[in-house]
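Q: Just a sequence and a predicted model for now, questions to come.
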Amino acid sequence: MKKVIMGLAVFAFALSASAADYVVGFAQTGAESMWRTANTDSIKSEAAKRGINLVFSDAQQKQENQIRAIRSFIAQGVDIIGFPPIVESGWEPVLQEAKEAGIPVITTDRRVNTSDESLFLTFLGSDFVAEGKMAADWLIRELGCNVQADVFELVGVVGAAPSIDRKKGFEDGIANTPGIKIVKSQSGDFTRAKGKEVMEAFIKSPEWTNSKQRVVYGHNDDMVLGAIQAMEEAGIDPSSEAILIGIDGVADAFQAIVDGKMHCTIECNPLLGPQFFDLVDQVMNGKTLPREVFSVDGTYDYFCAPALLPLRKTLY
Ligand code: AHR
């Protein structure tokens, strides 16, 4: 926290700040999914590797807790703040407070929706619209263009960037394939338990009973894995009675694909630690950052999942 000491110290800091010199506050959303756990591990292990003083907070899936954590980082006078905004809106007041305190902010994984772009330095993460579109593209390739299919959509946390964007990307992707329709859409909060609960209701609906080709599209893998549990408990065979697509590319989804219970997962790379701390380092050394930095995602289905599963288990 040398920057707050005196003008001279600020100058020296800007010229050659090293990792041990600064304090980074990171306000995580919670531990709602395998993806999130991998993301937290990546942030913590990279900080430890670089000898960075990390102040970490877990908001337990509540925006008010994340805001409280950021306020506490400001009060502690950390040098820089990173956070994945749990939902897109409602951040202006606290980001304004950080700005007034001279503390730069990087949003990781999820974006904020604000008209004042000066409230954060940069965004680091995946292109969620592209992920939704990749899921739709895979489905169309799998089914062919002239099919009828009913999509049962498991939405993430309402108001969260990945939920909004993955819905939009998927809808854009199927827009020119009128036979594919979203017939049910409900939030499963990105958790396995809630995904299972929502799927239990979907299974009982007339849309499910009357459908000739069912597709379960989840905004993350954990909800799809919960949906598989619901199907199996109801005596429904996931391998033959629906096509199941998730997003994240976590090891359990790869395993489900290998077991024939799930069909495709679109990657969303959670290992943002190295890129995040590279950006922190650049800011601390007076460099200007691009407004956004994207990680690159892949598509994995039953052709490639078996070969890649062993490697995946070592990642996340
Ligand atoms: O913001 C990324 C999303 O958040 C992941 O897809 C999901 O699993 C997590 O909870």
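A: Structure received.
Q: How about the contacts made by Val151?
A: Going by Cβ atoms under 8 Å, 6 or more residues apart in numbering, Val151 touches 174, 180-184, 215-217. C-betas here are computed from N, CA, C, even on glycine.
Q: Output the below-cut-off pLDDT ranges for the stretch 201-316 of the chain.
A: Residues of the stretch 201-316 of the chain meeting the criterion pLDDT under 70: none.
Q: of all the residues in the stretch 101-250 of the chain, which ones are close to the ligand?
A: 109-110, 162, 190, 220, 222, 247-248 (Cβ under 6 Å from any ligand atom).
Q: for the residue in the stretch 101-250 of the chain positioned nearest to the ligand, phi and psi?
A: At 3.5 Å from the ligand, Asn220 is the closest residue in the stretch 101-250 of the chain, using Cβ to the nearest ligand atom. When read as degrees, to the nearest 10, the backbone of Asn220 gives phi -150, psi 170.
Q: got it, and the one 5 residues further on?
A: Main-chain dihedrals, Leu225, degrees, to the nearest 10: phi -60, psi -40.
Q: how far away is it from Trp35?
A: 12 Å (Cβ to Cβ, to the nearest Å).
Q: ranges for the strands of the stretch 151-300 of the chain?
A: For the stretch 151-300 of the chain, applying DSSP state E, counting those that start in this stretch gives strands covering 180-187, 214-218, 243-248, 264-267, 292-294, 299-301.
Q: Tell me what angle the second one forms with strand 180-187.
A: In this structure, strand 214-218 runs at an angle of 50 degrees to strand 180-187, with axes from the mean of the first three to the mean of the last three Cα atoms, to 10 degrees as the basis.
Q: distance between strand 214-218 and the chain's centre?
A: 19 Å (Cα atoms, centre = their mean, to the nearest Å).
Q: Give me the contacts around that strand.
A: Residues outside strand 214-218 that contact it (Cβ under 8 Å, 6+ apart) are 135, 139, 149-154, 170, 180, 182, 188, 195, 199, 202, 208, 224, 227, 241-247.
Q: so where do the helices sit in the stretch 101-250 of the chain?
A: Per DSSP state H, counting those that start in this stretch, the stretch 101-250 of the chain carries helices over the ranges 128-143, 161-174, 192-203, 206-210, 221-233, 238-241.
Q: Check the offset of the last one from the chain's centre.
A: The one in question is helix 238-241. 27 Å.
Q: then that helix to PDB, C-alphas only?
A: Output in PDB follows, covering the C-alpha atoms of helix 238-241 (Å, rounded to 0.1, in the frame of the first residue of the first chain):
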ATOM      1  CA  PRO A 238     -30.800 -39.000 -20.600                       C
ATOM      2  CA  SER A 239     -28.800 -40.700 -23.300                       C
ATOM      3  CA  SER A 240     -31.700 -41.500 -25.500                       C
ATOM      4  CA  GLU A 241     -34.600 -39.200 -24.500                       C
END
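Q: where does the stretch 1-150 of the chain have low pLDDT?
A: 1-16, 145-146.
Q: Arg192 and Leu154: what is the separation?
A: Distance from Arg192 to Leu154, by Cβ to Cβ: 11 Å.
Q: Of the two, which one has the most company?
A: Taking other Cβ atoms under 10 Å, Arg192 and Leu154 do not tie; Leu154 has more neighbours (30 against 23).
Q: rewinding a little: export the strands of the stretch 151-300 of the chain as CSV, with columns for mean neighbour count.
A: Below are the strands of the stretch 151-300 of the chain laid out as CSV (neighbours: other Cβ atoms under 10 Å):
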stretch, mean neighbour count
strand 180-187, 17
strand 214-218, 26
strand 243-248, 28
strand 264-267, 26
strand 292-294, 14
strand 299-301, 18
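Q: Make TSV from those and add distance to Glu232 to it.
A: Formatted as TSV, the strands of the stretch 151-300 of the chain follow (distance: least, Cβ to Cβ, whole Å):
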stretch	distance to Glu232
strand 180-187	19
strand 214-218	13
strand 243-248	12
strand 264-267	18
strand 292-294	36
strand 299-301	21
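Q: Among these, which comes closest to Arg50?
A: Comparing those against Arg50 with Cβ to Cβ, the closest turns out to be strand 292-294 (18.0 Å).
Q: which neighbours does the closest one have in its sheet, and in what orientation?
A: strand 122-125 (parallel) (DSSP bridges).
Q: Now do the SS call for Val94.
A: helix (DSSP: H, G, I helix; E, B strand; the rest coil).
Q: ok, it touching Ala69?
A: No - Val94 lies out of contact with Ala69 (Cβ atoms under 8 Å); the separation is 9.7 Å.
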